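[1] structure here, sequence nowhere to be found:
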């Protein structure tokens, strides 16, 4: 995310010269009545329930949302804490804070996801999420589960 944010910041700076919703699946039942030879019968039809997402999927989504909210609103400490160990070794907190501060100048508050999808294989995930601002959409962003928690691994 940060590389796309940096690009958006540079473009916005040049132009000015100077980051869910969740869906609630409910099953519904309908009853149909029919009369056959004077006998009333009821035929129940049930819409299949949506398959619940597994815990890892929900935990990953919560981490992505927390990272996005922190990054776009300028909470560098929280966002930095959600980076993987590998990324924290490559980027100092001071450097990262500068990037997050710039994102705050542009966005200032969390943005809701327009869409979200993730694939998980063991302790690795790839996440695609979009916003109303296309310049900061993320496609197949890497995430890693470390010590039981998901961390952004795009560095």
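    The structure has been received and is ready for your questions. Just so we're clear, the structure is a prediction, and the values are computed from it rather than from any experiment.

[2] alpha carbons only for contacts and neighbour counts from here, please
    Will do.

[3] which residues of this structure score low on pLDDT?
    1-53 (pLDDT under 70).

[4] would you state the helices of it in chain order?
    Assigned by DSSP state H, the helices in the chain fall at 2-16, 55-73, 76-81, 85-90, 93-106.

[5] so which of these is nearest residue 145?
    Closest of the helices of the chain to residue 145 is helix 55-73, at 8.6 Å (criterion: Cα to Cα).

[6] how far off helix 93-106 does that closest one point, in degrees?
    Inter-element angle recorded for helix 55-73 and helix 93-106: 70 degrees (by axes from the mean of the first three to the mean of the last three Cα atoms, to 10 degrees).

[7] next, the buried residues of helix 55-73.
    Neighbour-count burial for helix 55-73 flags 56-57, 60-61, 63-73 (criterion: 16 or more other Cα atoms under 10 Å).

[8] return the residues in contact with residue 143.
    By Cα atoms under 8 Å, 6 or more residues apart in numbering, the contact set of residue 143 is 84, 124-127, 150-154.

[9] roughly how far apart are it and residue 128?
    11 Å (Cα to Cα, to the nearest Å).

[10] now residue 87, nearest residue through space, not along the chain?
    Computed as Cα to Cα, 6 or more residues apart in numbering, the closest residue to residue 87 that is not its neighbour in sequence is residue 155, at 5.4 Å.

[11] thinking again about what came up before, between the buried residues of helix 55-73, which is nearest residue 99?
    Taking these together and measuring to residue 99 by Cα to Cα, the closest member is residue 71, at 8.7 Å.

[12] which ones are touching that closest one?
    By Cα under 8 Å, 6+ apart, the neighbours of residue 71 are 19, 79, 100, 103-104.

[13] repeat that for residue 60.
    Applying Cα under 8 Å, 6+ apart, the residues near residue 60 are 125, 150.

[14] could you do residue 133 as well?
    Contacts of residue 133 (Cα under 8 Å, 6+ apart): none.

[15] could you measure from it over to residue 114?
    Residue 133 sits 10 Å away from residue 114, going by Cα to Cα.

[16] biggest separation within the buried residues of helix 55-73, which pair?
    Across the buried residues of helix 55-73, the longest distance by Cα to Cα is 25.6 Å; it joins 56 and 73.

[17] how close does residue 68 get to residue 122?
    Where residue 122 is concerned, residue 68 sits at a distance of 23 Å (Cα to Cα).

[18] ah, wrong one, I meant residue 97
    Separation of residue 97 from residue 122 (Cα to Cα): 30 Å.
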